[in-house]
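A.B. asks: here you go, sequence then predicted model.
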Amino acid sequence: MGNIPTPHIEAKAGDFAKTVLMPGDPLRAKFIAETYLEQARCVNQVRGMLAFTGYYKGKELSVMGSGMGMPSIAIYSYELFHFYDVDNIIRIGSAGGLQDDLNVMDVVIGMGASVVSDYPNQFGCPGHLAPLADYGLLSKAVESAKDLGTEVRVGNILSEDAFYSERSKDCFKKMGVLAVEMESGALYLNAARAGKHALCILTISDHLYRPGELTSQQRQEGLGKMIEIALETAVRA
């Protein structure tokens, strides 16, 4: 704990719960804290990356923005795992649908994260390391979704560095990858290296192969089913 506060997080020892929900948008973290948590207190404001700790159904939970992209979530998840003794991080965010039977507002759980990035190379593994979710969190999320009456799709997702990418996604679609986003690969790799646990729960915000997308306001506040699954999963973690 001697490394805290970090260059990116001003929280003190004990300010974070063992389980942290991580939306990309810090304002979504604020919305979740104000809407779902009791006795929520702000524990970080450095660089505007808001973090809050409170209680949900009597269990202490934290919620913190991750920023956009693998480099950003990699920094915050590393510091939470290694310096703040966090055990579980559940990413909650938006994604672009790839499969034809996915629609806007559908919920996807990332069992694995294919990666288009150099991030995995730092670990020095020959071949291609496969970033996977923690099975314990994954199974609890599926159970939570069933109890809430929310249908989910579980499978492979794609984490890519570039949002405005000129690279075709056709090959990933053909291989059954469900959706594309920008953070989960780094989160899964950091969790594996730290011996901790991570999961990604996504809401389809647009589709790469047909029209239709959420507004920015809907992205920030209209993702209730995904958030509720994550909260119930955290209670069971």
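C.D. replies: Received, thanks. This is a predicted model, so every value here is computed, not measured.
A.B. asks: okay, and residue 54 sits in which element?
C.D. replies: With elements taken from DSSP states H and E, the one containing residue 54 is strand 51-56.
A.B. asks: so what strands line up beside that strand?
C.D. replies: Strand pairing for strand 51-56, determined by DSSP bridges: strand 38-44 (antiparallel), strand 59-64 (antiparallel).
A.B. asks: how about the strands of the chain, start to end?
C.D. replies: Counting by DSSP state E, the chain has strands at residues 19-23, 38-44, 51-56, 59-64, 88-97, 107-116, 152-160, 179-181, 197-207.
A.B. asks: want to throw these into TSV with distance to residue 7, mean pLDDT and mean neighbour count?
C.D. replies: (Glycine included, C-beta is placed from N, CA and C.) Formatted as TSV, these follow (distance: least, CB to CB, whole Å; pLDDT from 0 to 100; neighbours: other CB atoms under 10 Å):
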stretch	distance to residue 7	mean pLDDT	mean neighbour count
strand 19-23	18	98	27
strand 38-44	12	98	16
strand 51-56	15	98	22
strand 59-64	15	98	24
strand 88-97	19	97	26
strand 107-116	25	97	23
strand 152-160	24	98	21
strand 179-181	26	98	26
strand 197-207	22	96	25
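A.B. asks: in a markdown table, list those strands along with distance to residue 137.
C.D. replies: A markdown table is the format used below for these (distance: least, CB to CB, whole Å):
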| stretch | distance to residue 137 |
| --- | --- |
| strand 19-23 | 9 |
| strand 38-44 | 22 |
| strand 51-56 | 16 |
| strand 59-64 | 14 |
| strand 88-97 | 6 |
| strand 107-116 | 9 |
| strand 152-160 | 12 |
| strand 179-181 | 17 |
| strand 197-207 | 4 |
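A.B. asks: which one of the ones you listed lies closest to residue 233?
C.D. replies: Checking the strands of the chain against residue 233 by CB to CB gives strand 88-97 as the closest, at 6.2 Å.
A.B. asks: take that closest one, keep the C-alpha atoms, and write them as CSV.
C.D. replies: Once side chains and other backbone atoms are set aside, the C-alpha atoms of strand 88-97 remain, and they are given as CSV (Å, rounded to 0.1, in the frame of the first residue of the first chain):
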residue,chain,number,x,y,z
ASN,A,88,-12.7,-7.9,-9.0
ILE,A,89,-13.3,-5.4,-11.8
ILE,A,90,-16.4,-5.6,-13.8
ARG,A,91,-16.3,-3.5,-17.0
ILE,A,92,-19.7,-2.2,-18.1
GLY,A,93,-19.8,-0.4,-21.4
SER,A,94,-21.1,-0.1,-24.9
ALA,A,95,-20.1,-2.0,-28.0
GLY,A,96,-20.8,-2.3,-31.7
GLY,A,97,-22.7,-5.4,-32.8
